[in-house]
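Asks: Requesting a structural model of the entry that follows:
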Amino acid sequence: MWADSCSISGHGLPAKWAPAGGGAPDPDGAEVIPARPLTDTLPVMAESASQPRDNYPSVHIEDTDAELPEHVVNTSLRYTGYRTVAKGGKCLIQSAKDHYLGRLVAVKSLRKELADDEVEQTRFLREARVSAMLQHPNTIPVYDISRDNRGHLFFTMKLVEGQTLREVIDLCRESEFYYIEGYGLDRFVSILIQVGNALDYAHTHGVIHRDIKPANVLMGPYGEVTLLDWGLAKVWSTEDERTPSHDASLLDDDPSLTGSGQLDGTVLYMSPEQIDKRKDIDGRTDVYSLGVVLYEALTLEPMLSGDSFQEICDKARHTVPPLPSQVAPDRGIPADLEELCMQAVAKKREDRFESMHKFVTELRAWRARRVRRT
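Replies: Numbering: from 1, shown residues only. Predicted coordinates:
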């Protein structure tokens, strides 16, 4: 499902501000807004993520999870003509006409049975604000957040169209030639580079996605690539996150579904430390998940399989997957790209790429070498 969310910490969009620990006046005379020291929030994340390379502040949970003021209610007929676009386990996405700006938008809301759940409301606010605060070409712009006339939260965002990477991989698997027009190996790598760019941006701004999977990557009709659904994002915080409980057996029927409880993420793509619910999780969990997506793009088969949720979790923790070239020997998988993939999905996070930026850099280098060879 689509969606992102976060609220920018800080004071709007200052022209410049000091790095962590800074506060000296800017030489051009712009007011400096000292950044919050990263080590005061989540030290492990701070150590693994570089500082933002733009003029947008880092994202903090104090901002993303703040309650929406009670007076914020949409009592007008700004949005009309609702049509269902998609339904997920938690949320409903509809298209609607925005009469203020004269355009179609996507409207996301919690399903009726969850609309009054306090934990889900907090996560929903976080998703909306994280999406709004992560201003990157490969994320969805958020336009508005409010309540409807029943007091239920909703937010509006860009209405995007296209095919998900899940759909494309499935079509390739069904094809006699293992690919469909416009989606060869080079295109898959280019798509994942753009996803990695969005994640690199998010990591440097204090956000871990935690739900990277083919269904959350959308390719538009004009070459756009969008990373969807920031509903499980982890944001810098000094406190443990509240999560609803759930029975793992609920996911046994389809382990590709996103868990709605304490195991946050989609089990087929989750890192061992994410499965173990480690509190010191960092951006390398997204490196792992993107590596699993790369593995699937190379082989057209899931990296892990099993008859139950628990079996897949055990394999993710302990079983080293076969090389992609062993799974799909007829696909002509380049050895150097396979090596990058296997490093990304290493069981120990210290054996993976040290950051998403490093992983993306290596994928770009592989693409450049391939261009030179051809």
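
Asks: Let me know the average pLDDT across stretch 102-115.
Replies: Looking at stretch 102-115 alone, the average pLDDT works out to 96.

Asks: The stretch 101-250 of the chain: strands as residue ranges?
Replies: For the stretch 101-250 of the chain, strands defined by DSSP state E, counting those that start in this stretch occupy the ranges 103-110, 142-147, 153-158, 163-164, 207-208, 217-219, 225-227, 234-235.

Asks: Low-confidence regions, the protein specifically.
Replies: 1-50, 176-178, 237-265 (pLDDT under 70).

Asks: thinking again about what came up before, single out the most deeply packed of the strands of the stretch 101-250 of the chain.
Replies: strand 207-208 (a mean of 30; mean count of other CB atoms under 10 Å). (Glycine included, C-beta is placed from N, CA and C.)

Asks: want to throw the strands of the stretch 101-250 of the chain into TSV with distance to residue 189?
Replies: As requested, the strands of the stretch 101-250 of the chain are exported to TSV (distance: least, CB to CB, whole Å):
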stretch	distance to residue 189
strand 103-110	29
strand 142-147	29
strand 153-158	26
strand 163-164	17
strand 207-208	23
strand 217-219	13
strand 225-227	12
strand 234-235	27
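
Asks: which residues does residue 281 contact?
Replies: 44, 208, 210, 234, 273-274 (CB atoms under 8 Å, 6 or more residues apart in numbering).

Asks: just to revisit the earlier point, for residue 69, which of the strands of the stretch 101-250 of the chain is the nearest?
Replies: When those are compared by CB to CB, strand 142-147 sits nearest residue 69, at 10.0 Å.

Asks: Show me what the closest one is packed up against.
Replies: Of the remaining helices and strands, those touching strand 142-147 by 3 or more CB pairs under 8 Å, 6 or more residues apart in numbering; DSSP states H and E are helix 118-133, strand 153-158.

Asks: Determine which stretch of the ones you listed is the most buried.
Replies: helix 118-133 (a mean of 24).

Asks: the inter-axis angle of that one versus strand 103-110?
Replies: Interaxial angle of helix 118-133 relative to strand 103-110 (axes from the mean of the first three to the mean of the last three CA atoms, to 10 degrees): 150 degrees.

Asks: can you state the direction angle for helix 118-133 and strand 142-147?
Replies: Using the same axes, to 10 degrees, helix 118-133 lies at 150 degrees relative to strand 142-147.

Asks: packing partners for helix 118-133?
Replies: Helix 118-133 packs on helix 61-64, strand 103-110, strand 142-147, strand 153-158, going by 3+ CB pairs under 8 Å, 6+ apart.

Asks: Can you redo the ones you listed as TSV, where the extra columns are distance to residue 76?
Replies: Shown next, in TSV, are those (distance: least, CB to CB, whole Å):
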stretch	distance to residue 76
helix 61-64	26
strand 103-110	14
strand 142-147	10
strand 153-158	13
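
Asks: Look up how far residue 150 lies from the closest residue in space to residue 146 that isn't next to it in sequence.
Replies: Counting by CB to CB, 6 or more residues apart in numbering, the nearest residue to residue 146 once its immediate chain neighbours are dropped is residue 74, at 4.2 Å. As for residue 74, its distance to residue 150 is 11 Å (criterion: CB to CB, to the nearest Å).

Asks: more neighbours, those two?
Replies: residue 74 (15 against 9; other CB atoms under 10 Å).

Asks: surely the more buried one meets residue 148?
Replies: Yes: with contact defined as CB atoms under 8 Å, residue 74 counts as touching residue 148 (6.2 Å).

Asks: Spit out the residues that contact those two alike.
Replies: residue 154.

Asks: what number of residues lie near residue 279?
Replies: Counted with other CB under 10 Å, residue 279 comes out at 10.

Asks: what about it, distance to residue 269?
Replies: Counting by CB to CB, the gap from residue 279 to residue 269 is 20 Å.

Asks: Dump the helices and strands packed on strand 142-147 to a markdown table, plus distance to residue 360.
Replies: A markdown table is the format used below for the helices and strands packed on strand 142-147 (distance: least, CB to CB, whole Å):
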| stretch | distance to residue 360 |
| --- | --- |
| helix 118-133 | 20 |
| strand 153-158 | 24 |
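
Asks: Out of these, flag the one nearest residue 343.
Replies: helix 118-133 (28.1 Å).

Asks: can you give me how far that closest one is from the chain middle?
Replies: 13 Å (CA atoms, centre = their mean, to the nearest Å).

Asks: Use 43 as the first number from now on
Replies: With the count now opening at 43, the last piece we talked about shows up as helix 160-175.

Asks: Now do it and strand 195-200, the angle between them.
Replies: 30 degrees.

Asks: The lengthiest helix in the chain packs against which elements?
Replies: Longest helix of the chain, by residue count under DSSP state H: helix 227-246. Packing partners of helix 227-246 (3+ CB pairs under 8 Å, 6+ apart): strand 259-261, strand 267-269, helix 326-341, helix 398-415.

Asks: quick one: contacts of it?
Replies: Here helix 227-246 has contacts from 90-95, 100, 176, 178, 180-181, 207, 221, 250-251, 254, 259, 261, 267, 269, 275, 325, 328, 332, 335-336, 339-340, 376, 379, 397-399, 401-402, 405-406, 408-409, 412, using CB under 8 Å, 6+ apart.

Asks: List only buried entries from the residues you listed.
Replies: Buried subset of the contacts of helix 227-246 (neighbour count, 16 or more other CB atoms under 10 Å): 90-91, 94, 100, 176, 178, 180-181, 207, 221, 250-251, 254, 259, 261, 267, 269, 275, 325, 328, 332, 335-336, 339-340, 376, 379, 397-399, 401-402, 405, 408-409.
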